[in-house]
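Trainee: coords please:
(one chain, ligands or ions: 1)
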Amino acid sequence: LLMLTGCVATGALPADPEQEGLDERIVIRFSHVVAEHTPKGQAARRFAELVHRYTGGRVEVRVFPNAQLYSDDDEMEAVRRGDVELIAPATAKIVHEFPEWQVFDLPYAFPNEEAVARAMDGPIGQRLLAGLTRDNLVGLAIWDNGFKQMTSSVRPLRRPEDFRGLVFRTMGSPVLDEQFRLLGAHPVHVPFDRLYAALERGAVDGQENTLSNIYTRRLYEVQRYLTISNHGYLGYVVIANRDFWESLPPDIRRQVQRALDETTAWIRQYARAANVEALELLKRTGRMEIHVQTPEERQAWRAAFGDLDKWMEQQIGSDLMRELRALTA
Ligand code: LMR
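Mentor: Model prediction:
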């Protein structure tokens, strides 16, 4: 039971008394916007434990969840300035500066989790991460959450027509705005920490998210209808302040990278299980009408997205689109 208890083995790593008082202790401040009992929240904690273990306590990761320090709109600048050392925004949130990252937002680009994994672990992921290394940033890893589902407070979302005239919150990526426009809806960008309030006051009618975010952010209190559509993917990019990263002694940097790589493998499994569990927990609340998209409905949504691929190609270039298509070929 991942989200009922939020359990990840913690406390197994008591501070090493020999390390106390070490004056060269290095602190990594890690800021993110979601709850602790989410895939990203748990991955951040696990990363902190592994870093402690592998560096013998020399490096301490301090995690700040729930947009306590920075909201979506200002965490990039914060890490660039060095006000925090590490962030892990949804890929959709960095695309104004790095448009290529929109590949993960393109609806129905990935038929299953394996195709997503091939994109993250293969040439697409490598290219995207390499492109991030500029302006005092360095891209270190890509983390999973899972497929996004659609919710609304107004009516069930089955056919494309059901979206017409509704206001949908997006994470701010142009391709997501375009996705909702093609469905006849009005997209608006709202940071995650203001999403619940926007839905509650009815400023926004619907949104798309993973089941674990819908459950942990209690969106079922303000959204009546859920369609399991798996139409898009929510992943994260782990970004560090480059001056800081390069200032780490090489042996320390290797150990931090090792902790990160292990966390990357771990969150993939954890996120899958967490999203499965979140569906059960959402059912148990009895607050949502849950509809599983039929193949015919999926076909109709895809038809509505029509030329989005062409639009996307202009945004991210034909090389990357070719790589993306090769994943499903
Ligand atoms: C959202 O804004 O809905 C998500 O990106 C939040 C997150 O970081 O999972």
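Trainee: every contact and neighbour count from this point should use C-alpha atoms.
Mentor: OK.
Trainee: so what's the residue of the chain found nearest the ligand up against?
Mentor: Nearest residue of the chain to the ligand (CA to the nearest ligand atom) works out as F192 at 4.1 Å. By CA atoms under 8 Å, 6 or more residues apart in numbering, F192 lies in contact with V33, V34, S71, D72, M171.
Trainee: and with 10 Å instead?
Mentor: Contact partners of F192, counting by CA atoms under 10 Å, 6 or more residues apart in numbering, are 33-34, 66-67, 71-73, 169-171, 198, 213, 217.
Trainee: average pLDDT across stretch 47-66?
Mentor: With pLDDT averaged residue by residue, stretch 47-66 scores 98.
Trainee: and the stretch 201-329 of the chain, which residues reach the ligand?
Mentor: Taking CA under 6 Å from any ligand atom as the criterion, the neighbours of the ligand within the stretch 201-329 of the chain are N209.
Trainee: longest single helix anywhere in the chain?
Mentor: The longest helix of the chain (DSSP state H) is helix 250-285.
Trainee: in it, what's buried?
Mentor: Residues of helix 250-285 classed as buried by neighbour count (16 or more other CA atoms under 10 Å): 252-253, 255-261, 263-264, 266-268, 270-275, 277-279, 281-282.
Trainee: before we move on, what about stretch 102-119?
Mentor: 102-110, 115-119.
Trainee: out of those residues, which are inside strands?
Mentor: Applying DSSP state E to the buried residues of stretch 102-119, no entry is found in strands.
Trainee: S152: which of those residues is nearest?
Mentor: Set against S152, the nearest of these by CA to CA is P107 (18.1 Å).
Trainee: now the closest one, nearest residue through space, not along the chain?
Mentor: Of all residues not flanking P107 in the chain, G232 sits nearest, at 4.8 Å (CA to CA, 6 or more residues apart in numbering).
Trainee: quick check on the contacts of F192: which are buried?
Mentor: Of these, these count as buried by 16+ other CA under 10 Å: V33, V34, N66, A67, S71, D72, R169, T170, M171, A198, N213, R217.
Trainee: let's have the residues you listed in JSON lines, adding secondary structure.
Mentor: Below are the buried ones among the contacts of F192 laid out as JSON lines (DSSP: H, G, I helix; E, B strand; the rest coil):
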{"residue": "V33", "secondary structure": "coil"}
{"residue": "V34", "secondary structure": "coil"}
{"residue": "N66", "secondary structure": "coil"}
{"residue": "A67", "secondary structure": "coil"}
{"residue": "S71", "secondary structure": "coil"}
{"residue": "D72", "secondary structure": "coil"}
{"residue": "R169", "secondary structure": "strand"}
{"residue": "T170", "secondary structure": "strand"}
{"residue": "M171", "secondary structure": "coil"}
{"residue": "A198", "secondary structure": "helix"}
{"residue": "N213", "secondary structure": "helix"}
{"residue": "R217", "secondary structure": "coil"}
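Trainee: tell me the one of these nearest Q299?
Mentor: Relative to Q299, the closest of the buried ones among the contacts of F192 is T170; by CA to CA it sits at 22.5 Å.
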